[in-house]
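Enquirer: Structure here, sequence nowhere to be found:
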């Protein structure tokens, strides 16, 4: 299995494609976040069917929203997710997604877990901190958890972009995150060329063919009604 | 395969459960419609993997919204859906869902198709006219297409409720719709006891366990990350 994706989006293309999904296709952010987060949970279930205790680390933007949706679906699939929100949740943004997770009795950690906590308690960490609109430097509030995630022994699954990576050039520092799994959403971004973990998936099956064509993206080989496909 | 669902919701319970999903769980209507419609498309793909030319008949309420979402996902799965909207689409309600379908080049029929049209052109008709809040009588605008659907030779798949049926008591007239497939959403409604078609599926995998308990619903046997399960 080594179907290398043939085209990667640069940061500006990723931002434009996202805008077209909202403005031209008239999708709502809740809709696409639901499909994206669901496809992430499905891909994780495919790659780690036995890895049941999952810490989902959630950032303040749409990548974090995908993580919250992913956590909820993982719970429905029989996983035991917990959520870390390194900064106080912005009320305007993820309020409803957080309440949905609370209705599913998914615990929110009150403080950053220590390295020992993570290594002993979880079998997978989902990195939903920063997405395709990230520009360095990493904000101070996220330094501690990112440092821990870089050295932890637990495998890491990054949603769309390994957090802290430059969206186009990849790892910024020697001690950058090295996820074992990457789930690219709608299309891989340039930094995915430098991903050398075990599992590369594509999720986010909602782009109309005419938009794929416009961005010269090959139609992804999703199988049957699956919301994800393994690329590597 | 004959796992009979153990509990059926009456109309008032279905309405209350729906309200709790919005008010207590803080779900958005776009979110749940997306998940419901997606699960319908997945179930149809499971039951009719070869039935590619599908007419989706869409009503003005949330059942119709599920149908529009279902059509869009069917198109992504490689089907050739077309949509019939027997009354002019209400601008406030399904506007965005309609535009999304248009972006996927799904044709909207301009007039009711004749019986011959349906029998010759389509291999499946999806009935997304009325859902669990339906109360008879059927409005005049829908008489013609419903009459055609009752006598057509093409198999019919009803979303949640066979349209024109009483939500609790089932078929109202001798010449009621007899769908070959029924996709109950979240939980079967009472009328599903009288469904004797070949395929009964459950979709809409998003109800938190505490709401299932409150409504004395058994946890459905969804497999792995599937959004649907076949009940019969």
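Expert: Thanks, I have it. Everything numeric here is computed off the predicted structure, so don't read it as measured data. Numbering: from 1, shown residues only, chains lettered A, B, ... in the order given.

Enquirer: Which phi and psi values does the residue nearest the centre of chain A adopt?
Expert: For chain A, the residue lying nearest the average C-alpha position, counting by CA atoms, centre = their mean, turns out to be residue A:159 (1.6 Å). Dihedral pair for residue A:159: phi -90, psi 120, per degrees, to the nearest 10.

Enquirer: Just to check, residue A:32 is in contact with residue A:206?
Expert: Yes: with contact taken as CB atoms under 8 Å, residue A:32 and residue A:206 are classed as touching, separated by 6.3 Å. Yep, even glycine has a C-beta here, placed from its N, CA and C like the rest.

Enquirer: Now list whatever residues contact both of those two.
Expert: The contact sets of residue A:32 and residue A:206 overlap at residue A:21 (CB atoms under 8 Å, 6 or more residues apart in numbering or on different chains).

Enquirer: got a list of what residue A:63 touches?
Expert: With contact taken as CB under 8 Å, 6+ apart, residue A:63 is in contact with A:128, A:129, A:130, A:131, A:132, A:134, A:159, A:160, A:161.

Enquirer: Residue A:85 is in contact with residue A:108, correct?
Expert: Yes: with contact defined as CB under 8 Å, residue A:108 and residue A:85 form a contacting pair (6.2 Å).

Enquirer: more crowded one of those two?
Expert: Set residue A:108 next to residue A:85 and count neighbours by other CB atoms under 10 Å in any protein chain shown: residue A:85 wins out with 20 against 14.

Enquirer: what sits opposite the closest residue to the more buried one other than its chain neighbours in the beta ladder?
Expert: Distances taken as CB to CB, 6 or more residues apart in numbering or on different chains place residue A:58 nearest to residue A:85, at 5.1 Å, with adjacent residues excluded. According to DSSP bridges, the partner residues bridging residue A:58 are residue A:128.

Enquirer: quick one: contacts for residue A:212?
Expert: Residue A:212 makes contact with A:218, A:219, according to CB under 8 Å, 6+ apart.

Enquirer: Looks to me like it is in a helix.
Expert: Yes: secondary structure of residue A:212 (DSSP: H, G, I helix; E, B strand; the rest coil): part of a helix.

Enquirer: Report pLDDT for it.
Expert: As summarised for this prediction, residue A:212 has a pLDDT of 95.

Enquirer: For chain A, which helix extends over the most residues?
Expert: The residue-count maximum for a helix in chain A (DSSP state H) belongs to helix A:29-47.

Enquirer: Mind giving me the packing neighbours of that helix?
Expert: The elements that helix A:29-47 packs onto, with contact taken as 3 or more CB pairs under 8 Å, 6 or more residues apart in numbering or on different chains; DSSP states H and E, are helix A:11-23, helix A:62-76, strand A:124-128, strand A:156-159, strand A:181-185, strand A:199-203, strand A:229-230, helix B:29-47.

Enquirer: joint contacts of residue A:108 and residue A:85?
Expert: Shared contacts of residue A:108 and residue A:85, defined by CB under 8 Å, 6+ apart, comprise residue A:98.

Enquirer: From start to finish, how long is stretch A:123-135 in a straight line?
Expert: 29 Å (CA to CA, to the nearest Å).

Enquirer: And for stretch A:153-168?
Expert: Stretch A:153-168 stretches 26 Å from its first residue to its last (CA to CA).

Enquirer: Give the buried residues for it.
Expert: By neighbour count on 16 or more other CB atoms under 10 Å in any protein chain shown, the buried set for stretch A:153-168 is A:154-168.

Enquirer: Next: stretch A:118-129.
Expert: Counting neighbours by 16+ other CB under 10 Å, one finds that the buried residues in stretch A:118-129 are A:118, A:122, A:124, A:125, A:126, A:127, A:128, A:129.
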